[in-house]
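1. predicted coordinates and the sequence they were generated for:
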Amino acid sequence: MVHGPKRPGTPALEARNLTKHFPVHQFGGRQVVHAVEDISLALPEGTVTAVVGESGSGKSTLARLLTQLIKPTSGELLLDGKAVGTSAKERRDYTSHVHLVLQDPFSSLNSVHSVRYHLERPLKLHRKARRGELDELAKSLLERVALSPAETYIDKFPHELSGGQRQRIAIARGLAVQPRVLLADEPVSMLDVSIRLGVLNLLDDLRERERLAILYVTHDIASARYLADTVVVMYAGQVVESGPATQITDSPAHPYTQLLLSAAPDPSRTEAVELRGRGAPPSLVNPPSGCRFHPRCPFAMAICKEAAPPALPAAGDDQVAACWLLSPDHAPAAAADTTPSSAADQ
Ligand SMILES: Nc1ncnc2c1ncn2[C@@H]1O[C@H](COP(=O)(O)OP(=O)(O)O)[C@@H](O)[C@H]1O
Ligand code: SF4
Ligand SMILES: [Mg+2]
């Protein structure tokens, strides 16, 4: 099941069946963290896909897999429909197409170097820009991230800028390599609330003006609704629900999506979503059997503990959720012996 907006043509970036298991040494033995499990995702140009989930659900691992910063345990990446190779040259080419913007704009910029240095370096290295054109190109990057007039910012140092301006510089530096795909891992979570909207609007502009394919990683489902075309909800390393952003946030089908929404009230939602959330995300060394959400789910049934639910169509077009409640054979109306929440207490 490929999660992401259904658009004609080949997506800029596609992930097929990505899995990442990190080996760890625990209690004297060798075990694995099941950080990302069998995720397929399509990122078409000119779209924003939000990956939403609590801390530890595998979002950053997924973003790092998409940048090739880490190797998948299994699965593959396709750029413009072609499998991505692993030679040094192919990896270099790939990094100029797919750029990662990190959460902390301060640590991603070097405090001893000016804005000019941060922007001109990738222009020289990746774009092979000539000395005479560097100034103009660097200034045009600043204009593209709405740091205008560029002269005000180009010779400043990171500590002379606000958090939002630093994040814009980090994004401008990414644009210097002319990427097709921008992966933004919690790009506003460390910024003051007052300037978050500005950076989200910049991402929206880049989707629109530059036709970038954007992956927006966040724990905040309300911001995902604001920015994204598509929302992909992750829980314990797996995708549990995906679909058009407004549909997912108006009519969440998966109990975990409902939990996320109940924790992040959205004033534009008309119907209240109520769910008694309990417990914390599970260990990914020994994830729960069946549906990984079953120990926290108030609707859990016997089947939930035994078998992992497949991705099933939910109410709206293109909305799918991995939950037995959507299966006609297992939904409470069909299953006479269903006792909501009793299985969850086990
Ligand atoms: N290098 C690593 N080695 C071992 N475990 C890791 C490593 N990186 C991430 N993890 C584990 O993978 C899981 C998912 O982490 P992460 O992708 O950072 O989640 P999120 O970004 O959603 O908070 C967590 O249990 C985390 O501890
Ligand atoms: S009802 Fe069952 S399958 Fe659905 S989320 Fe709850 S535990 Fe998982
Ligand atoms: Mg993270």
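-> Right, received. Where do you want to start? Ligands and ions are numbered 1, 2, ... in the order given.
2. what number of residues lie near L78?
-> 16 (other CB atoms under 10 Å). Bear in mind the C-beta positions are built from the backbone N, C-alpha and C, glycine included.
3. to clarify, my last question referred to H294.
-> The burial count for H294: 25, using other CB under 10 Å.
4. try S40
-> Neighbour number of S40 under other CB under 10 Å is 16.
5. so it touches L18, yeah?
-> Yes - using CB atoms under 8 Å, S40 is in contact with L18, at 7.3 Å.
6. wait, what's in contact with A264?
-> Counting by CB atoms under 8 Å, 6 or more residues apart in numbering, A264 touches 220-222.
7. what about 10 Å?
-> With contacts defined as CB atoms under 10 Å, 6 or more residues apart in numbering, A264 is in contact with 52, 219-225, 249.
8. nearest to ligand 1 among these?
-> H219 (7.5 Å; CB to the nearest ligand atom).
9. what about the closest one, distance to V51?
-> 10 Å (CB to CB, to the nearest Å).
10. any shared contact partners between those two?
-> 57, 59.
11. among these two, which residue is more densely surrounded?
-> When neighbours are counted by other CB under 10 Å, V51 comes out ahead of the other of H219 and V51, with 30 against 18.
12. quick one, what contacts that one?
-> By CB under 10 Å, 6+ apart, the neighbours of V51 are 3, 39, 41, 57-60, 62-63, 66, 183, 185, 215-219, 224, 228, 230-234, 239, 242.
13. which members of these are positioned in helices?
-> 59-60, 62-63, 66, 224 (DSSP state H).
14. make JSON lines out of those and add neighbour count, pLDDT and distance to ligand 1.
-> Converted to JSON lines, the ones in helices among the contacts of V51 look like this (neighbours: other CB atoms under 10 Å; pLDDT from 0 to 100; distance: CB to the nearest ligand atom, whole Å):
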{"residue": "K59", "neighbour count": "25", "pLDDT": "97", "distance to ligand 1": "4"}
{"residue": "S60", "neighbour count": "20", "pLDDT": "96", "distance to ligand 1": "3"}
{"residue": "L62", "neighbour count": "26", "pLDDT": "98", "distance to ligand 1": "7"}
{"residue": "A63", "neighbour count": "22", "pLDDT": "97", "distance to ligand 1": "8"}
{"residue": "L66", "neighbour count": "25", "pLDDT": "97", "distance to ligand 1": "12"}
{"residue": "A224", "neighbour count": "27", "pLDDT": "95", "distance to ligand 1": "14"}
